[in-house]
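**Student:** one predicted model, sequence on top.
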Amino acid sequence: MHSVFRIGAFKQLENRLWQVELTLTAETDPQLSILTKRMREEVAGSTGWHRLGKLLIRTGNFDKAEEVYRMLLNATTIDNHKELSFLYNQLGSIKVSKAEYDDAIQYHEKSLTLRKEYIPLNHPDWGTSYNSIGLMYSSMGEYTKALSCHEKALEIRLKSLVPHHLDLAESYNNIGEVYHYTKQYPEAILSYEKALEIRQKSLPSNHPDLAESYNNIAEGYSQMKQYSQALSFHDKSLEVLLKSLPSNHPHIAISYDNIGIVYAKMEEFPKAISYHRQALDIFSEILPENHPDIAMTHNNIAKVYNSIQEYSTALQHAKLAVEIIQEKLADNRSRIIEYQNLVEEIRKKL
């Protein structure tokens, strides 16, 4: 039997040498063995460097992943269009995760330009490109463009992939997220449930993508004020994440933050603050200090303190949220106005 390890810290020792800390787990854990096999498939690549880059992205080590892909980019000849297209796509996705959207757009445009030269327009790789660009636009708050890209990705994938391929689940999930952001919650839940159905048939029960589906369905129920349903799905999501990802992974932080939001809506404010602060601790450890997810968590904490009439603390967090969002998402006027309105609301109460 293959040994199964938990992934710890990554450390670059030299330009082309990396150290990955691994902790041996009990080989008798069948669920972890199944998950490990599946994760090996997901980070598969033509070279060890490709596998390392994908693994770094999967574990939320975006800065280190960027170092790897930049090194590969510098070593790739200009006539190797397929490799260059892949590297630009990966770098674009990393830049989206780091909220560096101008760079993300440039990388994805380069990837698309090269991809046109070596694959037909109905190839599954086009689905990957449109999916990546859709995620970028969604992160930028440009939801009409995001939905268009995700629908193109889904159309290509439905024609070129088997019915329960996981890329279809990814497309349904991302379409659901756009519906969620545009407050079309019943439509969002329907898309999320399509993604969950595919993932339950194709993935082990402790796979992080199942956690994503549970979380997204929970978010839909929360917005529809069905809080018991929401907490039930959030608990399922967090349970999977804690079993399958490093303890400081951004997805775990997002899960804590979302649970905090539900408790705040239920007016269980101490629990809400506890979960939001756990999220903020993780985000502050792994993300740049001006990342939008940190702004979001500060804003959520400000809302709770505002509700319990601790206005000075609320204002401190609300102002931090506005400062970050104005710097990183200057074009997302709706988000900026939302955060500024909270600052003004709190100031009037002081």
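**Tutor:** Structure's in. What do you need? These numbers come from a predicted model, not from an experiment.

**Student:** what about residue 341, neighbour count?
**Tutor:** 12 (other C-beta atoms under 10 Å). The C-beta positions use only the backbone N, C-alpha and C, and glycine is treated the same way.

**Student:** now residue 285
**Tutor:** 10.

**Student:** what does the one 10 residues further on give?
**Tutor:** Neighbours of residue 295 under the rule other C-beta under 10 Å: 25.

**Student:** again with residue 309
**Tutor:** Residue 309: 8 neighbours (other C-beta under 10 Å).

**Student:** now do residue 185
**Tutor:** For residue 185, the count of nearby residues is 18 (other C-beta under 10 Å).

**Student:** same check on residue 242?
**Tutor:** Residue 242: 14 surrounding residues under other C-beta under 10 Å.

**Student:** where does it land in three-state SS?
**Tutor:** helix (DSSP: H, G, I helix; E, B strand; the rest coil).

**Student:** what's the helix or strand for the nearest residue to it once chain neighbours are set aside?
**Tutor:** Nearest non-adjacent residue to residue 242, counting by C-beta to C-beta, 6 or more residues apart in numbering: residue 252, 6.8 Å away. According to DSSP states H and E, residue 252 maps onto helix 250-265.

**Student:** by contact count, what packs against that helix?
**Tutor:** helix 208-223, helix 227-244, helix 269-286, helix 292-307 (3 or more C-beta pairs under 8 Å, 6 or more residues apart in numbering; DSSP states H and E).

**Student:** quick one: list the elements packing against the last one.
**Tutor:** For helix 292-307, the helices and strands in contact under the criterion 3+ C-beta pairs under 8 Å, 6+ apart are helix 250-265, helix 269-286, helix 311-328, helix 333-349.

**Student:** switch to 6 Å and redo it
**Tutor:** helix 269-286, helix 311-328, helix 333-349 (3 or more C-beta pairs under 6 Å, 6 or more residues apart in numbering; DSSP states H and E).

**Student:** tell me the mean pLDDT for the last one?
**Tutor:** Here helix 333-349 scores 93 as its mean pLDDT.

**Student:** contact partners of it?
**Tutor:** With contact meaning C-beta atoms under 6 Å, 6 or more residues apart in numbering, helix 333-349 is reached by 299, 302, 306, 311, 314, 315, 318, 319, 321, 322, 325, 329.

**Student:** and the residues you listed as a markdown table, adding pLDDT and distance to residue 348?
**Tutor:** Shown next, in a markdown table, are these (pLDDT from 0 to 100; distance: C-beta to C-beta, whole Å):
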| residue | pLDDT | distance to residue 348 |
| --- | --- | --- |
| 299 | 98 | 17 |
| 302 | 98 | 14 |
| 306 | 98 | 11 |
| 311 | 97 | 9 |
| 314 | 98 | 12 |
| 315 | 98 | 11 |
| 318 | 98 | 12 |
| 319 | 97 | 14 |
| 321 | 96 | 17 |
| 322 | 96 | 16 |
| 325 | 91 | 21 |
| 329 | 78 | 25 |
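
**Student:** one step back: out of the helices and strands packed on helix 292-307, which comes closest to residue 138?
**Tutor:** Among the helices and strands packed on helix 292-307, the nearest to residue 138 by C-beta to C-beta is helix 333-349 (12.6 Å).

**Student:** residues contacting residue 69?
**Tutor:** Per C-beta under 6 Å, 6+ apart, neighbours of residue 69: 53, 87, 90, 91.

**Student:** which member of the residues you listed is positioned nearest residue 212?
**Tutor:** Nearest to residue 212 among the contacts of residue 69, with distances taken as C-beta to C-beta, is residue 90, at 19.7 Å.

**Student:** which SS state does residue 193 fall under?
**Tutor:** From three-state DSSP, the assignment for residue 193 is helix.

**Student:** check the one 3 residues further on too.
**Tutor:** When the structure is split into helix, strand and coil by three-state DSSP, residue 196 lands in helix.

**Student:** which residues touch it?
**Tutor:** residue 213.

**Student:** and the pLDDT at the residue nearest to residue 156 when sequence neighbours are not counted?
**Tutor:** Leaving aside its chain neighbours, residue 156 sits nearest to residue 127 (4.2 Å; criterion: C-beta to C-beta, 6+ apart). Residue 127 is assigned 92 on the pLDDT scale.

**Student:** with residue 199 instead?
**Tutor:** 97.

**Student:** tally of neighbours for it?
**Tutor:** Count around residue 199 with other C-beta under 10 Å applied: 23.
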